[in-house]
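Novice: Generate a structure from the sequence data that follows.
(one chain, ligands or ions: 1)
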Amino acid sequence: MMTNAVDQQSAQGGAPASSVRLPLRPELADEEPYGAPQLDVPVLLNVNENPYPPGEDVVATIAEEVARAARGMNRYPDRDATVLRQDLADYLEMETGVHLAPFDVWAANGSNEVMLHVLQAFGGPGRTALSFAPTYSMYPEYARDTHTTWVVGRREDDFTLDPAHAAATIREVRPSVILLASPNNPTGTALPTATIEAVCEAALTVDIDGARPVVVVDEAYAEFRRPGTPSAVALLERYPNLAVSRTMSKAFAAAGARLGYLVASTAFVDALRIVRLPYHLSAITQAAAGAALRHRESLMAQVATLRAERDATVTWLRKQHLPDGSPFEVAETDANFVLFGRFGDRHAVWQGLLDRGVLIRETGPEGWLRVSIGTSAEMAAFRAALTEVLHEQGEESA
Ligand SMILES: *Cc1c(COP(=O)(O)O)cnc(C)c1O
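Specialist: Predicted coordinates:
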């Protein structure tokens with residue numbers, strides 16, 4: 001069997017494996033693989049998962065559909081995931097109220113892969129991708145992996161995006177890809193329509209080899225948005241270079257299934273089809289995702305519960321005080337998590353919670369922590385643990 005060259009050599013008595021350097025791309029030399037800690041603790045509130053496992057009715061439909069797919073598994077899957085993409089279009093049309101017939105839907109193994117496709121198709125050597133920090137920590141990795149230069153503009157102190165700053169940065173940086181997360185991770189901030197319009201308008205003034213930059217609004221958390229918060233799907237009709245990406249990882253409680261999707265013009269989607277691996281989306285994934293979509297009503301009822309829990313968590317956090325007596329700062333959030341702070345030593349707070357069996361995320365600007373919304377029992381455990389940690393810190397500093 002062919003393994004890699006190093007193993008072969010040592011097996012045949014050549015140089016010992018440890019003395020042979022692999023030709024890793026130099027820019028990857030000091031990189032670590034992506035890794036939010038996957039620790040085995042009772043309360044997991046660190047990666048914005050949906051805390052509710054799928055119900056037995058959902059599990060049964062998935063099992064049935066996966067069994068059907070398994071019976072045809074000697075064949076390659078539908079390369080274009082035609083049925084699933086139509087189901088996703090129907091869902092999105094229902095969720096947003098926007099008629100999507102003129103647009104096309106793309107699907108891949110998580111919106112992480114969708115974004116990689118975007119960078120593979122529209123980024124590349126000599127080109128630049130732009131976003132506004134603090135934002136999703138995976139974006140720079142897609143840029144790195146596609147040899148795309150990565151540039152970030154800034155968000156304001158309250159994590160909103162100033163449309164004038166965004167437009168000026170776009171004209172100056174001349175990116176071929178603009179990524180906007182809304183609601184943003186890790187801050188929870190949703191962008192008003194006017195800001196996305198300003199970004200799209202600015203993009204239309206930039207010339208990239210005779211073309212216009214693409215704007216991707218990453219709406220991974222869209223289903224958690226508060227009433228009145230718009231979706232960028234409504235803007236697709238006006239901006240042919242706009243795409244909106246979504247995922248089944250969060251609202252659909254299907255992070256383990258790996259299904260992300262994007263809606264855009266057919267020309268946009270055709271570009272992504274060029275760079276995808278052949279048969280990138282397994283028949284099993286297509287079947288499981290389609291089955292989960294059929295249960296959207298019960299799944300969306302859980303999303304409503306999580307939204308209420310989120311709002312209650314924000315209200316509670318706003319009443320808490322740091323050991324020095326100053327109130328917490330709590331970011332506005334339209335997602336299933338809350339960013340709060342600011343702590344002099346956030347790592348100590350994170351560790352104190354972990355010691356009490358509650359794992360949250362040490363992320364965002366210095367001093368802030370992010371907690372994902374869990375079940376009401378999990379949020380009670382979080383509140384109790386945080387109260388204890390703050391009390392302990394207050395005593396230490398007294
Ligand atoms: C969680 C998340 C995603 C989802 O990624 P998947 O690959 O679909 O699981 C996408 N974008 C942002 C900003 C996220 O936080």
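Novice: make it CA atoms for all contacts and neighbour counts henceforth
Specialist: OK.
Novice: For Gly55, give its distance to Ala253.
Specialist: 10 Å (CA to CA, to the nearest Å).
Novice: ok, those two, which is more surrounded?
Specialist: Ala253 (20 against 11; other CA atoms under 10 Å).
Novice: How about the residues of this protein by the ligand?
Specialist: For the chain, the residues in contact with the ligand (CA under 6 Å from any ligand atom) are 110-112, 136, 181, 185, 218, 220, 247, 249, 255, 259-260.
Novice: In helices only, show me those.
Specialist: 110-112 (DSSP state H).
Novice: among the residues you listed, who's most crowded?
Specialist: Ser111 (24 neighbours).
Novice: Hmm, Val389 and Leu322 touching each other?
Specialist: No. With contacts counted by CA atoms under 8 Å, Leu322 stays clear of Val389, the gap being 10.5 Å.
Novice: between these two, who's got more neighbours?
Specialist: For Leu322 versus Val389, neighbours defined as other CA under 10 Å are more numerous around Val389 (21 against 17).
Novice: So Leu100 sits against Glu93, correct?
Specialist: Yes. If you go by CA under 8 Å, Leu100 and Glu93 touch, sitting 6.0 Å apart.
Novice: Comparing these two, which residue is more hemmed in?
Specialist: More crowded of Leu100 and Glu93, by other CA under 10 Å: Leu100, with 21 against 15.
Novice: I'd assumed the more buried one was in a helix, is it?
Specialist: No. Counting by DSSP: H, G, I helix; E, B strand; the rest coil, Leu100 is not part of a helix but coil.
Novice: So it versus Glu237, what's the distance?
Specialist: In terms of CA to CA, Leu100 sits 9 Å off from Glu237.
Novice: all helices for the stretch 51-200 of the chain, in order.
Specialist: Listed in chain order, the helices of the stretch 51-200 of the chain (DSSP state H, counting those that start in this stretch) span residues 56-71, 82-96, 110-122, 139-145, 163-173, 193-204.
Novice: quick one: pLDDT of the most centrally placed residue in the chain?
Specialist: Central residue of the chain (CA atoms, centre = their mean): Ala220, 5.3 Å from the mean position. pLDDT recorded at Ala220 is 98.
Novice: just Thr187 next, same as before
Specialist: Value listed for Thr187 in the pLDDT field: 98.
Novice: Please look at it and Thr333 and confirm they touch.
Specialist: Yes. Between Thr187 and Thr333 there is a contact under CA under 8 Å: 7.0 Å.
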